[in-house]
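Peer 1: generate a structure from the sequence data that follows.
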Amino acid sequence: MKRSKTELGILGEAMARQYLQNRKCNIVDHNFRCALGEIDLVVRKDRAFRFVEVKYRTTPEYGLPQESVVRRKQRRIRNAAIVWLKNRRLPIDAEVHFDVIAITEHAGERKYEYIEDAF
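Peer 2: Below is the predicted model of the structure:
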């Protein structure tokens with residue numbers, strides 16, 4: 001049975017949350033949306049906030065998942081991060097990082113690539 005894009009997104013984000021929690025990261029928020037963009041996961045690790053874009057692919061047909069985080073997408077994530085920080089009355093100059101977690105699953109094999117400071 002083929003899953004919808006939404007179902008794949010939900011599944012990928014759940015896998016990413018588990019992966020990060022297993023690495024002692026504290027998930028602060030997920031699926032934050034505003035007019036300027038969206039953030040899949042907000043993670044607190046040490047003193048920094050990490051805004052994590054999750055990309056999940058079940059076929060190599062369209063290239064590596066992380067290749068789809070293009071400049072336009074990066075800009076939207078950065079803008080959404082500013083709104084997220086302001087909404088929580090956190091300083092705009094708080095230590096932040098923008099990461100990508102790329103998950104591929106093909107022929108029953110799942111691989112994770114966590115790219116810190118991806119952009």
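
Peer 1: and the contacts of stretch 101-116?
Peer 2: 12, 15-16, 19-20, 23, 41, 50, 52-60, 64-66, 97, 99-100 (Cβ atoms under 8 Å, 6 or more residues apart in numbering). The C-beta positions use only the backbone N, C-alpha and C, and glycine is treated the same way.

Peer 1: try it again at 7 Å.
Peer 2: Residues outside stretch 101-116 that contact it (Cβ atoms under 7 Å, 6 or more residues apart in numbering) are 12, 15-16, 19, 52, 54-60, 64-66, 97, 99-100.

Peer 1: which of those residues fall within helices?
Peer 2: 12, 15-16, 19 (DSSP state H).

Peer 1: reformat these as TSV; add distance to residue 85, pLDDT and neighbour count.
Peer 2: Below are these laid out as TSV (distance: Cβ to Cβ, whole Å; pLDDT from 0 to 100; neighbours: other Cβ atoms under 10 Å):
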residue	distance to residue 85	pLDDT	neighbour count
12	25	95	21
15	26	97	17
16	21	98	26
19	24	97	16
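
Peer 1: follow-up on the earlier one: among the contacts of stretch 101-116, name the ones in strands.
Peer 2: Judged by DSSP state E, the contacts of stretch 101-116 include 52, 54-57, 97, 99-100 as members of strands.

Peer 1: and the helices in the chain?
Peer 2: Secondary structure of the chain, counting by DSSP H: helices at 5-22, 71-87.

Peer 1: pull out the buried residues from the longest one.
Peer 2: If I follow you right, that is helix 5-22. The neighbour-count check on helix 5-22 (16 or more other Cβ atoms under 10 Å) flags 9, 12-13, 15-17, 19-20 as buried.

Peer 1: equivalent analysis for the last one, please.
Peer 2: By neighbour count, and taking 16+ other Cβ under 10 Å as the criterion, the buried residues in helix 71-87 are 73-74, 76-78, 80-81, 83-85.
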